[in-house]
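Novice: Can you look at this prediction? I've put the sequence above it.
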There are 2 protein chains.
Amino acid sequence: MLTAASAVVLLSGGLDSTTTLAMAKAEGFACHALSFNYGQRHKIELDAATRVAEALGVAEHLILSFDLGTYGGSALTGNHEVPKDRSTGVMGRDIPITYVPARNTIFLAHALGWAEVLGAFDLFIGANAVDYSGYPDCRPEFISAFESLANLATGAGVTRAGRFRIHAPLLHMTKAEIVKKGTELGVDYSLTHSCYDPKNEIACGRCDACQLRLAGFAAAGLKDPIAYVQKPMSLTQQQVLH
Amino acid sequence: MLTAASAVVLLSGGLDSTTTLAMAKAEGFACHALSFNYGQRHKIELDAATRVAEALGVAEHLILSFDLGTYGGSALTGNHEVPKDRSTGVMGRDIPITYVPARNTIFLAHALGWAEVLGAFDLFIGANAVDYSGYPDCRPEFISAFESLANLATGAGVTRAGRFRIHAPLLHMTKAEIVKKGTELGVDYSLTHSCYDPKNEIACGRCDACQLRLAGFAAAGLKDPIAYVQKPMSLTQQQVLH
């Protein structure tokens, strides 16, 4: 019997990382899901990550804790207000205040450490460069630079026991394509959480993450199964009704 | 009055990082020292880091906590025995069990995040490729790859507000040269801690870190001011007497 190769998959519990996990699983990897309790204000995403990890039958799910709020610098970890009601058209023009400095570098660095311990050479990240983001660490050139680094940074890179690959399968997909892909793979999006600023565990419907998610489902002609406090102004009535 | 540029300096409280901090200070940087409580068995190095940070008058000292022992893989964070009484001649031939997977990648990633918040573009790390190490993430090509990554990973890399530089001033220095340099700069090495496996806060004298440190002081013709449980067998009586 062949043993499945192991992969470390970054899992926030949101739409993108959940779809990425489903894709890694579909490729036949034994998936080790890694989540972070990093001082984010939307900590309930960790409950979503736990539900998703269980539903998708990961080999292991680890939640690593550190507090990036210690030095602040982001609306996601500090006291800044999360922007609301920005149209998807204006997103991506500037780096938004929800950008967490060096977050994907930090996340991938920890994933690399775990992968090296596991003897895994495949890392999956749900970075997406199309439908937005304005996040510098979601760009293809960042992913590619991290892959080069990984192969220099590690024992495996020296002994040539294997070559690390950073998989970012969503990189060039639209949000609608992501939702369709996950749906094909049987992802239950009711388990996921995307909102940056939930109220009583209910998605606000107005932050960038909610708007992009809703627009993605609408464009895919699919129903977003989670509840919202309010639907965004920028979507037409026809799009958000379901 | 000119304001000093800020730098983030990785500070373990050991000989190398302390010397690096003194060098960054001598270059005129306002130093923000970053230490990690990462599950290392020699946690008392954090007391040393705190003493050193105070003695060298840093602008700020931050200790970030996360537990790399969660996934193990190293004698420094797990239950493996720390190797003892290896001669300095055999060190560096293989990657030692004290290597912590992806540690410098993880440390630099966090330093990068803090630097971005501070508006700093200079990161200092006491990596040293000469007198040992067998650690893949102490090699010049790793440092250079991280610098490239930093400039792609961050908002600053996109807006071109500045260019990140990873300073590794010890990279090509021998341990003896490092000790001499620090001594010239007035470093008080009695504040520092290097041992991987201290007993009651006293350096063991037998692990790789102790042996390299003692050999460095001996070669520099200087006295190591800290106490040792035992002096290494590999140094001659004449070298270790002081």
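Specialist: That came through, no problem.
Novice: Could you measure from residue A:52 over to residue A:182?
Specialist: Applying C-beta to C-beta, to the nearest Å, the value for residue A:52 to residue A:182 is 11 Å. (C-beta placed from N, C-alpha, C; glycine too.)
Novice: higher neighbour count, the two?
Specialist: Using other C-beta atoms under 10 Å in any protein chain shown as the criterion, residue A:52 and residue A:182 rank with residue A:52 on top: 28 against 24.
Novice: ok, and that one, which helix or strand is that part of?
Specialist: Using DSSP states H and E, residue A:52 sits in helix A:45-55.
Novice: now chain A, which segments are flagged as low pLDDT?
Specialist: A:1-2, A:78-80, A:87-94, A:131-133, A:232-242 (pLDDT under 70).
Novice: Report the angle between the strand ranked longest in it and helix A:45-55.
Specialist: In chain A, taking DSSP state E as the definition, the longest strand is strand A:30-37. Strand A:30-37 runs at 170 degrees relative to helix A:45-55, counting by axes from the mean of the first three to the mean of the last three C-alpha atoms, to 10 degrees.
Novice: For strand A:30-37, name the packing helices and strands.
Specialist: strand A:6-10, helix A:15-26, helix A:45-55, strand A:60-65, helix A:103-118 (3 or more C-beta pairs under 8 Å, 6 or more residues apart in numbering or on different chains; DSSP states H and E).
Novice: Among the ones you listed, which comes closest to residue B:100?
Specialist: Ranking these by proximity to residue B:100 (C-beta to C-beta) places helix A:103-118 first, at 7.6 Å.
Novice: Packing partners of the closest one?
Specialist: strand A:6-10, strand A:30-37, strand A:122-124, helix A:140-153, helix B:103-118, helix B:140-153.
Novice: Make CSV from those and add mean neighbour count and distance to residue A:199 to it.
Specialist: Formatted as CSV, the helices and strands packed on helix A:103-118 follow (neighbours: other C-beta atoms under 10 Å in any protein chain shown; distance: least, C-beta to C-beta, whole Å):
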stretch, mean neighbour count, distance to residue A:199
strand A:6-10, 26, 26
strand A:30-37, 24, 20
strand A:122-124, 25, 31
helix A:140-153, 22, 33
helix B:103-118, 25, 27
helix B:140-153, 22, 32
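Novice: Nearest to residue B:200 among the ones you listed would be which one?
Specialist: Of all those, helix B:103-118 sits nearest to residue B:200, with 25.8 Å by C-beta to C-beta.
Novice: With just CA atoms, put that closest one into CSV.
Specialist: C-alpha atoms of helix B:103-118 as CSV (Å, rounded to 0.1, in the frame of the first residue of the first chain):
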residue,chain,number,x,y,z
ARG,B,103,14.2,28.8,13.3
ASN,B,104,15.9,31.7,11.7
THR,B,105,13.2,31.9,9.1
ILE,B,106,10.6,32.1,11.8
PHE,B,107,12.7,34.6,13.9
LEU,B,108,13.4,36.9,10.9
ALA,B,109,9.8,36.7,9.8
HIS,B,110,8.6,38.0,13.1
ALA,B,111,11.4,40.6,13.1
LEU,B,112,10.2,41.7,9.7
GLY,B,113,6.6,42.1,10.9
TRP,B,114,7.8,44.3,13.8
ALA,B,115,10.1,46.3,11.5
GLU,B,116,7.3,47.0,9.2
VAL,B,117,5.2,48.4,12.0
LEU,B,118,8.1,50.5,13.3
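Novice: does residue A:198 really touch residue A:206, like I thought?
Specialist: No - here residue A:198 does not reach residue A:206: they are 11.1 Å apart, not a contact under C-beta atoms under 8 Å.
Novice: So for those two, which sits in the more crowded spot?
Specialist: residue A:206 (24 against 21).
Novice: so what's the closest residue in space to the more buried one that isn't next to it in sequence bridging to?
Specialist: Using C-beta to C-beta, 6 or more residues apart in numbering or on different chains and skipping the chain neighbours, the partner closest in space to residue A:206 is residue A:84 (4.1 Å). Beta-bridge pairing for residue A:84 (DSSP bridges): residue A:207.
Novice: ok, residue A:84 - contacts?
Specialist: Applying C-beta atoms under 8 Å, 6 or more residues apart in numbering or on different chains, we find residue A:84 in contact with A:197, A:204, A:206-207.
Novice: of these, closest to residue B:222?
Specialist: residue A:197 (57.0 Å).
Novice: does the closest one count as helix, strand or coil?
Specialist: coil (DSSP: H, G, I helix; E, B strand; the rest coil).
Novice: just checking, it touches residue A:85?
Specialist: No - distance between residue A:197 and residue A:85: 11.9 Å, which falls outside the contact criterion (C-beta under 8 Å).
Novice: In terms of neighbours, single out the busier of those two.
Specialist: residue A:197 (21 against 14).
Novice: so what's that one up against?
Specialist: A:41-42, A:82, A:84, A:204, A:207.
Novice: Would you mind listing the buried residues in the helix holding residue A:52?
Specialist: Buried residues in helix A:45-55, counted by 16 or more other C-beta atoms under 10 Å in any protein chain shown: A:45-46, A:48-53, A:55.
Novice: Also near chain B: which of those, exactly?
Specialist: Among the buried residues of helix A:45-55, not one lies near chain B by C-beta under 8 Å from any C-beta of the partner chain.
Novice: got a list of what the residue nearest to residue A:12 when sequence neighbours are not counted touches?
Specialist: Leaving aside its sequence neighbours, residue A:12 sits nearest to residue A:45 (C-beta to C-beta, 6+ apart; 5.4 Å). Listed by C-beta under 8 Å, 6+ apart, the contact set of residue A:45 reads A:12-14, A:193-194.
Novice: Let's see that with 6 Å instead.
Specialist: Going by C-beta atoms under 6 Å, 6 or more residues apart in numbering or on different chains, residue A:45 touches A:12-13, A:193.
Novice: and of those, the nearest to chain B?
Specialist: residue A:12 (16.9 Å; C-beta to the nearest C-beta).
Novice: and that closest one, that one's in a strand?
Specialist: No - with three-state DSSP as the criterion, residue A:12 is assigned coil and is not in a strand.
Novice: Look at residue A:230 and tell me its secondary structure.
Specialist: Criterion first, three-state DSSP; result for residue A:230: coil.
Novice: ok, it to residue A:222 distance?
Specialist: 20 Å.
Novice: can you check residue A:202 too?
Specialist: 20 Å.
Novice: Just want to check the distance between the nearest residue to residue A:167 once chain neighbours are set aside and residue A:30.
Specialist: Residue nearest to residue A:167 in three dimensions, not counting chain neighbours: residue A:124, with 4.6 Å by C-beta to C-beta, 6+ apart. In this view, residue A:124 and residue A:30 are 12 Å apart by C-beta to C-beta.
Novice: what residues does chain A put near chain B?
Specialist: Chain A comes close to chain B at residues A:64, A:66, A:71, A:73, A:95, A:101-102, A:105-106, A:109-110, A:112-114, A:116-117, A:136-137, A:141-142, A:145, A:148-149, A:152-155, A:157-158, as judged by C-beta under 6 Å from any C-beta of the partner chain.
Novice: list the contacts for residue A:204?
Specialist: Residue A:204 neighbours (C-beta under 6 Å, 6+ apart): A:195, A:197, A:210, A:229.
Novice: mind redoing it with 7 Å?
Specialist: A:195, A:197-198, A:210, A:229-230 (C-beta atoms under 7 Å, 6 or more residues apart in numbering or on different chains).
Novice: between those residues, which is closest to chain B?
Specialist: residue A:197 (20.6 Å).
Novice: Check which helix or strand the residue lying closest to that closest one once chain neighbours are set aside maps to.
Specialist: Excluding the flanking residues, the one nearest residue A:197 by C-beta to C-beta, 6+ apart is residue A:82, at 4.1 Å. In the assignment (DSSP H and E), residue A:82 maps to no helix and no strand.
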